[in-house]
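**Q** Provided below are the primary sequence and the corresponding predicted coordinates.
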Amino acid sequence: MLVRNWMQRNPIVVGSDTLVHEAKQIITDNNLHGLPVVDDGRLRGLITRAICLRAAHYVLRTQDADEQNYFSTRVKVKDLMVRNPVTIQASDTMEHCLEVGIEHGIAQLPVMEDGRVVGIISANEMFALAAHFLSAWEKRSGVTLAPMDVKPGTIGRIADIVEAAGAELQAIYPIGKPTDVNPRTHPFKRVVIRFHSDDTGQVVAAIERAGFQVIESVQATRPMATTDNTQH
């Protein structure tokens, strides 16, 4: 999955001389998390919702008319923006994007291509990606297996067990936490299974008979079919 296919395209940008209260209004009106700061086509910084809110909150707490007037008419984006913000390339993978976000503890990444800002990835896109993986809108049933050493053939075996139990398998995700020694290694992984089934208990029983430990299960409730009782 490439960033270009998940990013917000053609993001709203502001110049560094834009007043902060104007940037805050743009962010509020468009329900954004941040605005790339661009001068003459070049990325200069990033002004975020959090920065604007902190500045506005500070001014309101002073209850000083002069301070409020100064904030409204003099404080510019370049005075508060994050300079040289962390960026991501449109050709990067979403996996790399998530790694960068976690590493730097940020949830807004301007997306670059040929030196230009072509998009932005925010917490909204990251949550949407997670929702797609977990299929939040499909109401899939799910089972999570205890951490295990996922060897060649393990995933295939689990898939066979689930389908043999009468479930319609949708996805299997091995998920591991980085180790302290090497953050890129995951010796033991939980296995998350997503499927459609009217009886998750039957699937759980089949998995446990095969020797796997189930640590949680969720039975999805499908929407009830409606009957048209209109008399014709």
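**A** That came through, no problem.
**Q** contacts and neighbour counts: CA atoms only from here.
**A** Noted.
**Q** which element follows the lowest-mean-pLDDT helix or strand in the chain toward the C-terminus?
**A** One helix or strand of the chain scores below all others by mean pLDDT, DSSP states H and E: helix 65-73, with a mean of 71. Counting by DSSP states H and E, the element after helix 65-73 in chain order, helix or strand, is helix 77-80.
**Q** other SSEs contacting that following helix?
**A** Packing partners of helix 77-80 (3 or more CA pairs under 8 Å, 6 or more residues apart in numbering; DSSP states H and E): strand 42-48.
**Q** what lies in contact with the strand it packs on?
**A** 16, 23, 33-38, 77-78, 80-85, 115-117 (CA atoms under 8 Å, 6 or more residues apart in numbering).
**Q** skip the chain neighbours and tell me the closest residue to Ala165.
**A** In space, Ala165 comes closest to Val203 once its chain neighbours are excluded; the distance is 5.4 Å by CA to CA, 6 or more residues apart in numbering.
**Q** show me what contacts the closest residue to Val86 other than its chain neighbours?
**A** Counting by CA to CA, 6+ apart, Val86 lies nearest to Leu109, which is 6.4 Å off, once chain neighbours are set aside. By CA under 8 Å, 6+ apart, Leu109 lies in contact with Pro85, Val86, Thr87, Ile88, Gly101, Ile120, Ile121, Ser122.
**Q** what's near enough to touch the first one?
**A** Contacts for Pro85 were tallied using CA under 8 Å, 6+ apart; they are Gly45, Leu46, Leu109, Pro110.
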